[in-house]
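1. Next comes the sequence, and after it the predicted model I'd like to discuss.
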Amino acid sequence: MGCSGCRVRFNSAKVLSFLTMVLIFTYFFYCLTGICHSAPRTLYADDDLRLEPGPGNRTAFPDVVQPRSLLEDNNNNNNNNNNIPVSNTFGAKRFPQALIIGVKKGGTRALLEFLRIHPDVRAVGAEPHFFDRFYDRGLEWYRNLMPRTLDGQITMEKTPSYFVTKEAPGRVCTLNCQTKLIVVVRDPVTRAVSDYTQTLSKNPGLPSFQNLALRNTSTGELIDTSWSAIRIGLYVKHLENWLRYFPLSQFLFVCGERLVFDPAGEMGRVQDFLGLKRVISEKHFYFNQTKGFPCLKKPEGSSRPRCLGKSKGRPHPRIPAEVLQRLRDFYQPHNQRFYQMSGQDFGW
């Protein structure tokens with residue numbers, strides 16, 4: 001009786017040992033075939049590899065900034081998606097090689113949208129305002145805003161207020177004194193009215209244009225250059241500030257008026273300046289009679305053409321002719337100096 005009990009216990013032990021070995025073998029089999037951890041790890045998911053760019057810290061993708069937010073997004077998605085998007089790993093986030101620095105209400109948004117047709121241009125959609133408002137956030141914050149680019153592509157951004165910000169040229173040069181600078185300029189009188197129209201749409205209780213443009217003094221009414229709508233149009237004063245840091249050869253002055261009636265011609269100049277192949281041409285544009293400026297023809301696969309938003313092409317309020325003439329007389333000597341300094345006569 002005792003011996004048969006021993007045999008039962010011995011057989012049970014063998015069965016248990018056999019089942020344990022089967023479980024261990026099954027576990028290792030599945031792990032080795034990749035089923036245990038089907039989501040691949042990205043190179044920047046490892047803290048040891050997430051290094052700041054520098055002489056002694058080289059990652060598998062040099063020059064790529066690896067923001068923590070992107071890491072967290074990937075970690076959160078691993079539970080639901082086994083495929084990491086290609087866009088998260090292709091290319092590098094680089095500082096802009098070219099900036100559209102001005103001017104407000106000159107046509108900078110149109111220029112940027114036209115440029116984005118080009119396959120070798122990648123640009124930030126929103127205005128970063130790094131060199132005027134958010135400089136204290138640091139260069140890595142700025143670079144993280146940039147789109148990823150491949151070798152041969154140009155990174156760009158546009159913030160029109162850079163042109164009129166005293167500190168901006170020095171800050172841009174501190175980052176890269178070889179940066180190419182694009183300034184879209186427009187008749188300063190028309191630009192001032194357009195600026196006022198935009199502000200009026202947001203603040204209907206605004207005083208009249210003439211009340212803001214003119215101020216009473218003991219010697220009569222004078223143009224009020226403290227009003228930003230007037231001050232921005234003093235292009236020569238702003239350009240003088242930029243020329244303290246950058247040579248004239250690094251500037252391209254785009255005519256806002258020609259960008260409207262000959263967009264392909266102006267875009268040809270821009271592409272040449274940036275060292276790009278002339279891809280953007282007449283075939284990309286048509287003139288929108290309702291808005292009064294060119295729109296992009298619909299791309300393949302799209303149901304409609306691309307025009308700028310409702311905020312563009314607003315009708316201007318009626319301004320007394322004598323007020324407009326006073327502004328033209330005021331700007332005339334400043335315009336002449338600007339023509340001489342820029343080497344380009346815009347005919348305003």
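-> Alright, I've got the coordinates.
2. Just name the shakiest helix or strand of the chain by mean pLDDT.
-> helix 68-77 (a mean of 36; mean pLDDT, DSSP states H and E).
3. Parallel or antiparallel, list what pairs with the very next helix or strand once past that one.
-> Following helix 68-77 in sequence order, the next helix or strand is strand 92-93 (DSSP states H and E). Neighbouring strands of strand 92-93 in its sheet, by DSSP bridges, are strand 148-149 (antiparallel).
4. in what helix or strand does residue 129 lie?
-> Per DSSP H and E: nothing holds residue 129, as it lies in no helix or strand.
5. Residue 142 too?
-> helix 139-145.
6. ditto for residue 181
-> strand 180-185.
7. What helices and strands are in contact with the following helix or strand past that strand?
-> Heading C-terminal from strand 180-185, the first helix or strand you meet, by DSSP H and E, is helix 188-202. Other elements packing on helix 188-202 under the criterion 3 or more CB pairs under 8 Å, 6 or more residues apart in numbering; DSSP states H and E are helix 209-213, helix 228-231, helix 321-342. To be clear about C-beta, it is placed using only N, CA and C from the backbone, and glycine gets the same treatment.
8. How far away from the center of its chain is the shortest one?
-> Going by CA atoms, centre = their mean, to the nearest Å, the spacing between the C-alpha centre of helix 228-231 and its chain's C-alpha centre is 25 Å.
9. Which strands and helices lie in contact with it?
-> helix 188-202, helix 209-213.
10. What lies in contact with that helix?
-> Residues from elsewhere that reach helix 228-231, judged by CB atoms under 8 Å, 6 or more residues apart in numbering: 164, 192, 195-196, 199, 212-213, 223-225, 327.
11. between these, which is closest to residue 240?
-> Here the nearest of the contacts of helix 228-231 to residue 240, counting by CB to CB, is residue 164; it sits at 12.0 Å.
12. outside of stretch 335-343, which residues touch it?
-> Here stretch 335-343 has contacts from 185, 188, 235-236, 239-240, 243, 248, 251, 253, 345-346, 348, using CB under 8 Å, 6+ apart.
13. buried sites along that stretch?
-> 335, 337-339, 342 (16 or more other CB atoms under 10 Å).
14. Could you do stretch 239-255 as well?
-> 239, 241-242, 245-246, 250-255.
15. gap between the two ends of that stretch?
-> 15 Å (CA to CA, to the nearest Å).
16. Need phi/psi at the residue nearest to residue 285 when sequence neighbours are not counted.
-> Leaving out its chain neighbours, the residue that sits closest to residue 285 by CB to CB, 6 or more residues apart in numbering is residue 294, at 4.6 Å. Note on residue 294: backbone dihedrals following degrees, to the nearest 10 are phi -70, psi 150.
17. residues near residue 294, how many?
-> 21 (other CB atoms under 10 Å).
18. beta partners for it?
-> Applying DSSP bridges, one finds that residue 294 bridges with residue 287.
19. Was I right to think it contacts residue 266?
-> No. With contact defined as CB atoms under 8 Å, residue 294 does not reach residue 266; the gap is 10.2 Å.
20. which neighbours do the two share?
-> With CB under 8 Å, 6+ apart, residue 294 and residue 266 have no common neighbours.
21. low pLDDT regions in this protein?
-> Applying pLDDT under 70 to the chain flags the ranges 1-18, 20, 22-89, 218-219, 298-305, 308-313.
22. which residue is nearest the middle of it?
-> Central residue of the chain (CA atoms, centre = their mean): residue 124, 2.1 Å from the mean position.
23. which one is it nearest to, not counting chain neighbours?
-> Using CB to CB, 6+ apart, the closest residue to residue 124 is residue 157 (4.4 Å).
24. and what of residue 122?
-> residue 147 (4.3 Å).
25. Other residues contacting stretch 140-159?
-> Against stretch 140-159 from outside (CB under 8 Å, 6+ apart): 52, 65, 67, 87, 90-101, 108-109, 111-112, 115, 119-124, 127-132, 134, 274, 276.
26. before we move on, the earlier item: what would the helix holding residue 142 look like as PDB? C-alpha coordinates only.
-> Once non-C-alpha atoms are left out, helix 139-145 reads as follows in PDB (Å, rounded to 0.1, in the frame of the first residue of the first chain):
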ATOM      1  CA  LEU A 139      16.200  77.700 -29.100                       C
ATOM      2  CA  GLU A 140      15.000  74.100 -28.500                       C
ATOM      3  CA  TRP A 141      11.500  75.300 -28.000                       C
ATOM      4  CA  TYR A 142      11.800  77.200 -31.400                       C
ATOM      5  CA  ARG A 143      13.300  74.200 -33.200                       C
ATOM      6  CA  ASN A 144      10.600  71.900 -31.900                       C
ATOM      7  CA  LEU A 145       8.000  74.100 -33.700                       C
END
